[in-house]
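[1] fold the following.
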Amino acid sequence: MTDEQNTPQSAAEPVENAEPVEAVDGVDVVADAAGVDAVTAGDAAENVDEQADAEASDDADVTFESVAAAFAAATDGPDGVDESAPPQYGVGPFSIREVALGGIWLVAFVVSFFPIYSIGNSASVWVAGIDWVLTIGAPTVAVFLLGLRRLSPQGIRRVGSLGIDQFASVAFTVSTIVWLGILWASFVSLAGQRLFYATWVVWVEFIFMLAGVLLTVFAPLFPTIGEDFRHRTEVPAHRFASPARPIVARPQVERVAPVASAASPYAATETTVLATDVAEAPVEGEAVVEAPAASQAFWALAPVERDVVDESGVPIFTVGPTAWALVIEDRGDSFVVRHEDGRIGYLTDVSGVTRG
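    Predicted coordinates for the structure are as follows:
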């Protein structure tokens, strides 16, 4: 071993008569600056390629291999915490708004087991029909997800395109409207039949669900419970909540003109003509040759890759020197080209194109 350290040469200086130094793990180490630079450049290029591939594959495929993968895509979502935000105090792991919302839901959930109608077979909303899904079921799911968000950092963060707070706003709003509909129908019955069939349960449920709307939809407007929505970290929108992709008109497929055979460039048709004027009409049975079509389809080979565009000038596919393209109309300075899958476009650069 030696204490001397070799001074590395710069990349610009040529390395002559490079000799191996001491073997490290049986491998001779050669101080070849140019080789090191080449390896470093190769690694950098490989990293750039991997990064480009990763960016290109991002959101490239939205298909899912299983129901579990689709459920994860519909329920996941980014979490972010603003470390510079002032501390928010609450009750245990929950905010004041979440505790108030949970208390409102608990009272409404218990009351929902009492009868909601005062006539007929009086029963609770759970057995009176399917109304329980919107009246108390959806708010129950919303409160459960709000609690899960605090207790399980890796839990569900999204319901489709809605965040947890957005879903809670929708759930309590829909529930309030359904309970209001029952009250409205009772008032209509009171006006017509002098019978108000809704019990006190409907009133309590309507008031508590309305309070839930205040704690979800209008919570940011209040000074105390609104702290739950302030100083939140801005995160990118989920794929399901991102802006919709623009829709473009599908190009119209034009019918391909029949291609004449090589032996007979002009199509001939024998037509029997009934002579009405001997001096001008042809003789009966005479073969009449039709004039050639104004534009015959043909094959074309572009010398380089060129874009075929639609009517608005947007490229839809390309033609090039590796395959023949079917031209269905020659417009002089442009060709109407048909792709093998049926798409129709315009080749505006026809210079150097070889006709087949």
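
[2] contacts and neighbour counts: CA atoms only from here.
    OK.

[3] wait, isn't residue 228 in contact with residue 90?
    No - in this structure residue 228 lies outside contact range of residue 90 using Cα atoms under 8 Å: 9.7 Å.

[4] with neighbour numbers in mind, choose between these two.
    Set residue 228 next to residue 90 and count neighbours by other Cα atoms under 10 Å: residue 228 wins out with 19 against 13.

[5] list the contacts for that one?
    By Cα atoms under 8 Å, 6 or more residues apart in numbering, residue 228 lies in contact with 88, 95, 97, 220.

[6] got a quick ChimeraX command for the buried subset of these?
    ChimeraX command restricting those to the buried ones, with burial defined by 16 or more other Cα atoms under 10 Å:
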select :95,97,220
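
[7] just checking, which of the contacts of residue 228 belong to helices?
    Those of the contacts of residue 228 mapping onto helices are residue 97, per DSSP state H.

[8] quick one: contacts for residue 220?
    Per Cα under 8 Å, 6+ apart, neighbours of residue 220: 226-230.

[9] equivalent analysis for residue 112, please.
    124-126, 136, 201, 205.

[10] and with 7 Å instead?
    124-125 (Cα atoms under 7 Å, 6 or more residues apart in numbering).

[11] ok, residue 310 to residue 157 distance?
    Per Cα to Cα, to the nearest Å, residue 310 is found 42 Å from residue 157.

[12] got it, and residue 91?
    21 Å.

[13] and residue 320, by the same measure?
    From residue 320 to residue 157 the distance is 48 Å (Cα to Cα).

[14] looking at these two, which one has more neighbours?
    Neighbour tally, residue 320 and residue 157, criterion other Cα under 10 Å: the higher count belongs to residue 157, 22 against 16.

[15] just the helices in the protein please.
    33-57, 67-75, 96-111, 132, 138-151, 164-193, 200-216.

[16] out of those helices, point me to the one whose mean pLDDT is lowest.
    Among the helices of the chain, helix 33-57 carries the lowest mean pLDDT, a mean of 47.

[17] how near is residue 346 to residue 297?
    14 Å.

[18] those two: who's more crowded?
    Neighbours were counted for residue 346 and for residue 297 using other Cα under 10 Å; residue 346 has more, 22 against 18.

[19] ok, that one - contacts?
    Taking Cα under 7 Å, 6+ apart, one finds 308-310, 334-337 in contact with residue 346.

[20] ok, residue 345 touching residue 339?
    No - Residue 345 lies out of contact with residue 339 (Cα atoms under 7 Å); the separation is 8.0 Å.

[21] ok, residue 96 to residue 212 distance?
    To residue 212, residue 96 is 13 Å away according to Cα to Cα.

[22] which one's more surrounded, the two?
    residue 212 (28 against 19).

[23] who are the contact partners of the more buried one?
    101, 104, 172 are the contacts of residue 212 under Cα under 7 Å, 6+ apart.

[24] between those, which is closest to residue 181?
    residue 172 (14.2 Å; Cα to Cα).

[25] quick one: residues contacting the closest one.
    139, 209, 212-213.

[26] can you check residue 164 too?
    Shown in contact with residue 164 (Cα under 7 Å, 6+ apart): 145-146, 157-158.

[27] let's go with 8 Å and repeat that
    By Cα under 8 Å, 6+ apart, the neighbours of residue 164 are 142, 145-146, 157-158.

[28] without its sequence neighbours, what residue ends up closest to residue 151?
    Closest residue in space to residue 151, ignoring its immediate chain neighbours: residue 93 at 7.4 Å, by Cα to Cα, 6 or more residues apart in numbering.

[29] er, residue 298 actually
    Residue 298 sits nearest to residue 327 (Cα to Cα, 6+ apart), 5.4 Å away.

[30] tell me the mean pLDDT for stretch 317-334?
    The model assigns stretch 317-334 a mean pLDDT of 90.

[31] contacts for it, please.
    256-257, 295-309, 335-339, 346-350.

[32] so which of the residues you listed sit within strands?
    298-301, 306-309, 335-338, 346-347 (DSSP state E).

[33] who wins on neighbours among those residues?
    residue 337 (26 neighbours).

[34] isn't it right next to residue 345, touching?
    Yes - Residue 337 lies in contact with residue 345 (Cα under 8 Å); the separation is 5.4 Å.

[35] mutual contacts of the two, please.
    Jointly contacting residue 337 and residue 345 under the rule Cα under 8 Å, 6+ apart are residue 308.

[36] ok, and for stretch 220-236, which residues are buried?
    220, 225-228.

[37] closest one of the residues you listed to residue 316?
    Distances from residue 316 to these, taken by Cα to Cα, are shortest for residue 220, at 47.2 Å.

[38] what pairs with the residue lying closest to residue 316 once chain neighbours are set aside across the strands?
    What sits nearest to residue 316 in space, not counting adjacent residues and going by Cα to Cα, 6+ apart, is residue 309, at 5.5 Å. On the basis of DSSP bridges, residue 309 is bridged to residue 315, residue 346.
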